[in-house]
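Chemist: What shape does this take:
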Amino acid sequence: MIRCAAGILVALTTLLAGLQARAEEVPPAKILQGHTSWVQSVAVSPDSKWLASGGDDQTLRIWDLSTGKSRILRTYDSAVTAVAISHDGKLLAAGTWFGQLDLYDVKQGKVIRQLSGHDETVTTVLFDPTDQYLASGSSDDTLVIWSRRDGESLLTFEQGNEYDVTTAAFSPDGKRIVTGDGENELKIWDTETGDEIMTLTGHTATVTSAAYSPSGKQIVSASWDNTLRLWNADTGKSIATLAGHTDDITAVTFSPNPSRIVSASEDKTVRVWHAKTTRLIATLQGSSHSILCVAVSPDQRFIVAGSKQAIRLWALP
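Modeler: Coordinates of the predicted model:
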């Protein structure tokens with residue numbers, strides 16, 4: 001009986017090792033080429049049929065995912081550093097290295113509003129769950145919440161140090177927003193009052209990205225310390241540290257169903273983790289350059305990641 005159990009254990013271990021090895025060797029399902037420099041930001045449409053991307057080549061591009069072809073929506077005078085698509089798919093927001101922030105009507109393909117307030121690089125941009133508000137973070141140490149309806153600046157959060165606001169994420173109910181910075185911290189804010197609720201500490205290098213879990217009970221963060229951290233969103237306590245990347249982690253997000261954590265790194269890989277057990281599920285390879293941004297399609301079918309001159313798509317494990 002003992003020998004039988006041991007044999008089964010060895011067989012299972014061999015099978016799991018084989019599955020992980022195959023996962024690591026899986027190439028991207030599709031490669032989109034058009035950008036002539038680094039891709040800084042990607043966002044997938046609500047229907048998962050198209051995506052927007054911005055890059056160091058100063059272009060804002062729209063991609064048809066059925067054909068893999070793109071068109072340049074606009075060429076700026078600096079890098080396009082952040083893009084976001086509203087949950088209803090009607091609006092597209094784009095921020096630049098020089099602090100410009102534009103709101104586009106997707107159907108018309110035209111700028112309908114310019115939001116003025118940042119005087120340095122727009123590092124992140126996102127719509128709240130209701131699509132009533134737009135948030136933008138900047139190297140000027142602020143996060144601003146804007147009215148979608150008229151573009152009015154409603155709230156300004158000051159990170160409170162001399163470092164950039166590097167990332168931001170709304171809670172699923174929109175009542176809170178988490179920000180990360182170059183001082184290795186995350187802060188959670190009340191989006192109605194503008195009050196700081198708590199500060200999360202533990203990373204030992206710049207926090208590059210953060211996301212709320214679909215339930216809103218957890219936050220995941222990525223850092224240049226090569227780790228991901230999972231936090232209790234109510235108490236701010238660190239739950240787990242996810243290690244495996246061998247270089248700076250540049251981006252992280254959640255996949256709602258099934259619940260997965262997806263991270264990208266300068267080690268040229270995208271990694272997929274089980275959100276509940278924090279076990280590494282797969283390492284997606286195929287890029288010969290650092291990966292700077294990542295997104296999961298709303299239909300949960302694929303992962304999108306941007307690197308130098310290319311956007312890669314993998315099936316979501």
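
Chemist: K30 pairs with what?
Modeler: Beta bridges link K30 to L313, judged by DSSP bridges.

Chemist: State the distance from it to L313.
Modeler: K30 sits 4 Å away from L313, going by CB to CB, to the nearest Å. Backbone N, C-alpha and C define where each C-beta goes, glycine included.

Chemist: Who has more neighbours out of these two?
Modeler: Set side by side, K30 and L313 show more neighbours around L313, with 20 against 14, by other CB atoms under 10 Å.

Chemist: what sits in contact with each of K30 and L313?
Modeler: L65 (CB atoms under 8 Å, 6 or more residues apart in numbering).

Chemist: out of everything not next to it in sequence, what's closest to S147?
Modeler: Counting by CB to CB, 6 or more residues apart in numbering, L154 is the residue found nearest to S147 once chain neighbours are left out, at 5.7 Å.

Chemist: what sits against the one you found?
Modeler: The neighbours of L154, taking CB under 8 Å, 6+ apart as the test, are Y133, I145, W146, S147.

Chemist: tell me which element it falls in.
Modeler: Counting by DSSP states H and E, the element that carries L154 is strand 153-158.

Chemist: Quick check: the closest residue to L103 other than its chain neighbours vs D64, distance?
Modeler: The shortest distance from L103 to any non-neighbouring residue, by CB to CB, 6+ apart, is to R113 (4.3 Å). Using CB to CB, one obtains 25 Å as the distance from R113 to D64.

Chemist: Those two - which one has more neighbours?
Modeler: It is R113, of R113 and D64, that has more neighbours when counted by other CB under 10 Å, with 19 against 13.

Chemist: So S221 sits against L200, correct?
Modeler: Yes: using CB atoms under 8 Å as the test, S221 is close enough to L200 to be in contact (7.5 Å).

Chemist: what touches both of the two?
Modeler: Counting by CB under 8 Å, 6+ apart, the residues touching both S221 and L200 are L186, W231.

Chemist: where does the stretch 151-300 of the chain dip in pLDDT?
Modeler: Low-confidence regions of the stretch 151-300 of the chain, defined by pLDDT under 70, span residues 161-162.

Chemist: So which residues of it form strands?
Modeler: When assigned using DSSP state E, counting those that start in this stretch, the strands of the stretch 151-300 of the chain occupy the ranges 153-158, 165-170, 176-181, 185-190, 196-201, 207-212, 218-223, 227-232, 238-243, 249-255, 260-265, 270-274, 280-284, 293-296.

Chemist: mind checking which of those is nearest E120?
Modeler: Proximity to E120, assessed across the strands of the stretch 151-300 of the chain by CB to CB, is greatest for strand 165-170 (10.0 Å).
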